[in-house]
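K.L.:
Have a look; sequence and predicted model below, questions after that.
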Amino acid sequence: MAKKRSRRYQKAAAQVDRSKRYPLVEGMALIKALAGPKFDETVDLAVRIGIDAKKTDQLVRGSVSLPRGTGKTVKIAVFAEGEKAKEALAAGADFVGSADLADKIEKGFTDFDMTIASPDMMRYVGKLGKVLGPQGKMPSPKAGTVTPNVAAAVREFKAGKIEFRTDAGANVHAAIGKKSFNADDLAANLTAFVDHLRALRPAQAKGTFIQRVVVSTSMGPGVTLAVE
């Protein structure tokens with residue numbers, strides 16, 4: 001059964017030419033101009049990439065710093081002890097711990113957006129895969145969230161660094177800012193993301209890598225962009 005859309009959504013969708021690939025800044029200006037709710041919506045990016053998502057050697061995962069930030073306050077949980085724990089707190093971490101934090105998460109605590117861990121803490125983090133994995137919060141060396149320099153990682157992610165990974169449909173999703181950002185800043189963030197994604201192209205990937213780029217606000221229609 002098709003999802004029933006609000007009148008506002010339908011009106012906004014009618015202003016988007018679904019057969020067109022909009023130039024980057026024009027597309028960003030369009031999603032900003034579409035009527036939306038009263039809150040400052042997140043601008044979401046979806047990129048279809050040319051991989052076989054069933055093959056693990058073609059999956060793409062990583063992190064990238066957005067030059068204009070995300071406009072979002074990120075809650076970070078850090079696994080660290082001793083001086084590293086103190087440094088993480090000083091850098092702005094919201095929750096810091098080791099065995100105690102792991103126990104808290106196992107009991108249902110997930111009021112944070114991401115997890116960063118010092119490598120020596122993986123003995124505690126490893127058993128949390130069933131909890132953190134489905135939420136996309138499991139730390140990973142590829143994403144820069146398992147690192148000996150947890151304080152630097154906290155500062156980077158607080159400043160606008162984001163994680164990403166391919167889903168089962170060979171798409172990569174990311175939040176690249178807020179609707180209140182100007183079109184040029186949104187375009188700068190998108191360009192930085194796509195350029196970084198392109199640099200991670202697996203050697204096994206065939207044909208066109210960046211196949212489709214779509215942006216939308218949290219509650220708005222998608223706009224396809226001409227990004228090669």
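P.N.:
Sure, I can see it.

K.L.:
So Glu87: helix, strand or coil?
P.N.:
Counting by DSSP: H, G, I helix; E, B strand; the rest coil, the backbone at Glu87 sits in helix.

K.L.:
how does the chain divide into domains?
P.N.:
Per automatic domain parsing, the structural domains of the chain span 17-69+162-225, 76-159.

K.L.:
how far does the first one stretch from start to finish?
P.N.:
In this case it means domain 17-69+162-225. In domain 17-69+162-225, first residue to last residue: 11 Å (CA to CA, to the nearest Å).

K.L.:
Give me the contact list for the host helix or strand of Ser63.
P.N.:
In this assignment (DSSP states H and E), Ser63 forms part of strand 61-65. Strand 61-65 is contacted by residues 140, 142-145, 156-157, 159-166, 192-193, 196-197, 200 when judged by CB atoms under 8 Å, 6 or more residues apart in numbering. Glycine gets a C-beta too; all of them are placed from N, C-alpha and C.

K.L.:
which of those residues count as buried?
P.N.:
Listed as buried from the contacts of strand 61-65 are 143-145, 156-157, 160-166, 192-193, 197, 200; burial here means 16 or more other CB atoms under 10 Å.

K.L.:
and the residues you listed, which of them are in helices?
P.N.:
Secondary structure from DSSP state H places Glu156, Phe157, Ala192, Phe193, Leu197 of the buried ones among the contacts of strand 61-65 in helices.

K.L.:
and those as CSV, adding distance to Ala46 and pLDDT?
P.N.:
CSV is the format used below for these (distance: CB to CB, whole Å; pLDDT from 0 to 100):
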residue, distance to Ala46, pLDDT
Glu156, 24, 94
Phe157, 21, 94
Ala192, 16, 96
Phe193, 11, 97
Leu197, 12, 95
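
K.L.:
Tell me which stretches of the chain form helices.
P.N.:
Taking DSSP H as the criterion, the chain carries its helices at 7-13, 24-33, 82-91, 99-106, 122-125, 129-132, 150-159, 183-199.
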